[in-house]
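coords please:
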Amino acid sequence: MRTKIVILVGDGMGDFPVASLGGRTPLEVARIPHMNRIAGLGEMGRVQTIPQGMEPGSDIANMALLGYDPAVYHTGRAPLEAASMGVSLDSHQVAFRCNLVYVETDEQGVRRMGDHSAGHISTEEARDLVAALQQACDGLPLRLHAGVSYRHLLVWDHGDESIRTTPPHDILGEPADGYAEVYERVEVLSRFVSRAARILADHPVNVKRREEGKRPANAVWPWGQGRAPSMPTLQERFGLTGCMISAVDLLKGLGVYAGLEPVHVPGATGYLDTNYQGKVDAALRALEDVDLVFVHVEAPDEASHEGSLEKKIQAIQDFDAKVVGPILEGLRHKGPVHLLVAADHLTPLSIRTHVGDPSLFALFKGDWATATPPAVEVFFHEAAASETGLHLPSGEALFRRLVGST
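Residues are numbered from 1 along each chain as shown. All right, here's what the predicted structure looks like:
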């Protein structure tokens, strides 16, 4: 029987010590018996998923966890999302992630980035807005494609990928106009962004959201641009077949380039209300036919961007109880397995964005049904991972450690 490989990623669940938790991190206080068990039965350590000098984004970190060197293969976040959405990019096209965001004006008249997700706007509401925003592309070499919730795609024919855009989740609460000047200096983007603001201002979706006390999507924010990358598949590199299970286009598109089949799970939202059971069921079904399954959960990262300690702990506990635990139970009947649980990067609540510090992982190899627990309980968290002394220099090193001797 061929050994199965399972990768479980809690996006951004790593953190810095939190003063209100007595200097502990959310992972240290969360109830995570299943991740603790993996750490106790296998090995635990830290991994540098963000290469020196690169932006600490989920695109780079998860590419690394899949065994690719981002310094070699990464061209931008948006091209990966395009692949997930079935948008084929020609060599002259540049893709941008295009967030629907909420920009608020404070008492001094300063426009600030209030919410990178427009209050986690629903996919249904967002699709109505994106349909209306097609007018903002009239006469411009642009095409807007609807994605999930606040995450959408803008494709620019003969575009300039060299402009320096900023992820909106990196500037939450900060004055927005200084970062938006990059759009004003590029005529195509300037016209698109200004037209979009006018369309969004009085759109019925936003009128209703204001009436309900929700944050409106009152601006667009293009970022993460790039051209289509050229990547060998995991089948070509390691002889592995597999599937990608995630709510977000970024991960599904990364899977497409890696040769992993993207699996659609109804009700997967990328937030606390995601369909956890659907992801688990899809993963266990897929393991009947493929070598590798990658299951990604976005909720801890979103809670971190919100700066909500309560939601982050909930997201971590839900990941453990509703994904890791049921997956482990399902693996009892799968024979030999190589199992990795990891945070792709840290997203500290104190700064509400990603950092390039080493992340943490736990890795088990063997038959889960017959594994014997250690005499002393082991806990999965940042300090414990650091104390093991196991530090891997790259995601590729971790991936090769994971798949070795399959």
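
can you count the residues close to Ser122?
16 (other Cβ atoms under 10 Å). Yep, even glycine has a C-beta here, placed from its N, CA and C like the rest.

pretty sure it is in contact with Ser149, am I right?
Yes - counting by Cβ atoms under 8 Å, Ser122 touches Ser149, with 6.8 Å between them.

Quick one: classify Ala384 as helix, strand or coil.
The three-state assignment at Ala384 reads helix, by DSSP: H, G, I helix; E, B strand; the rest coil.

who's in contact with it?
Applying Cβ atoms under 8 Å, 6 or more residues apart in numbering, we find Ala384 in contact with Ala39, Met44, Val378.

any idea how far the last one lies from Arg37?
When you say that, I think you mean Val378. 8 Å (Cβ to Cβ, to the nearest Å).

Comparing those two, which shows the higher neighbour count?
Arg37 (23 against 18).

Quickly find the element holding the more buried one.
Following DSSP states H and E, one finds Arg37 within helix 33-41.

what's the spacing between that helix and its chain's center?
23 Å (Cα atoms, centre = their mean, to the nearest Å).

Show me where the stretch 301-406 of the chain has its strands.
336-342, 359-367, 391-392 (DSSP state E, counting those that start in this stretch).

Make JSON lines out of those strands and add mean neighbour count and distance to Val94.
Converted to JSON lines, the strands of the stretch 301-406 of the chain look like this (neighbours: other Cβ atoms under 10 Å; distance: least, Cβ to Cβ, whole Å):
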{"stretch": "strand 336-342", "mean neighbour count": "23", "distance to Val94": "31"}
{"stretch": "strand 359-367", "mean neighbour count": "23", "distance to Val94": "29"}
{"stretch": "strand 391-392", "mean neighbour count": "16", "distance to Val94": "33"}
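
quick one, which of those strands is nearest to Ala385?
strand 359-367 (3.9 Å; Cβ to Cβ).

Who are the packing partners of the closest one?
Here strand 359-367 touches helix 33-41, strand 43-47, strand 336-342, helix 382-387, helix 395-403, going by 3 or more Cβ pairs under 8 Å, 6 or more residues apart in numbering; DSSP states H and E.

from the chain's centre, how far out does the helix or strand following the shortest one sit?
The first helix or strand that comes after strand 43-47 along the chain, using DSSP H and E, is helix 58-65. Relative to its parent chain, helix 58-65 has a centroid offset of 9 Å by Cα atoms, centre = their mean.

Just want the angle from helix 58-65 to strand 359-367.
Here the directions of helix 58-65 and strand 359-367 differ by 40 degrees (axes from the mean of the first three to the mean of the last three Cα atoms, to 10 degrees).

List the contacts of helix 58-65.
7, 9, 11-12, 47, 49-51, 54, 70, 73-74, 76-77, 80, 224, 250-251, 254, 296, 301, 342, 344-345, 354, 359, 394-396, 398-399.

can you tell me the average pLDDT over the helix or strand harbouring Leu200?
Element membership of Leu200 [criterion: DSSP H and E] is helix 187-201. Average pLDDT, helix 187-201: 98.

Tabulate the CA atom coordinates of that helix in PDB.
What follows is helix 187-201 as a C-alpha-only set of coordinates in PDB (Å, rounded to 0.1, in the frame of the first residue of the first chain):
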ATOM      1  CA  GLU A 187      -3.900  56.500 -15.500                       C
ATOM      2  CA  VAL A 188      -5.500  53.100 -16.200                       C
ATOM      3  CA  LEU A 189      -5.700  52.300 -12.500                       C
ATOM      4  CA  SER A 190      -6.600  55.800 -11.500                       C
ATOM      5  CA  ARG A 191      -9.600  55.800 -13.700                       C
ATOM      6  CA  PHE A 192     -10.700  52.400 -12.600                       C
ATOM      7  CA  VAL A 193     -10.400  53.100  -8.900                       C
ATOM      8  CA  SER A 194     -12.200  56.500  -9.000                       C
ATOM      9  CA  ARG A 195     -15.000  55.100 -11.200                       C
ATOM     10  CA  ALA A 196     -15.400  52.200  -8.800                       C
ATOM     11  CA  ALA A 197     -15.800  54.400  -5.800                       C
ATOM     12  CA  ARG A 198     -18.600  56.300  -7.500                       C
ATOM     13  CA  ILE A 199     -20.400  53.100  -8.500                       C
ATOM     14  CA  LEU A 200     -20.100  51.600  -5.000                       C
ATOM     15  CA  ALA A 201     -21.200  54.800  -3.100                       C
END
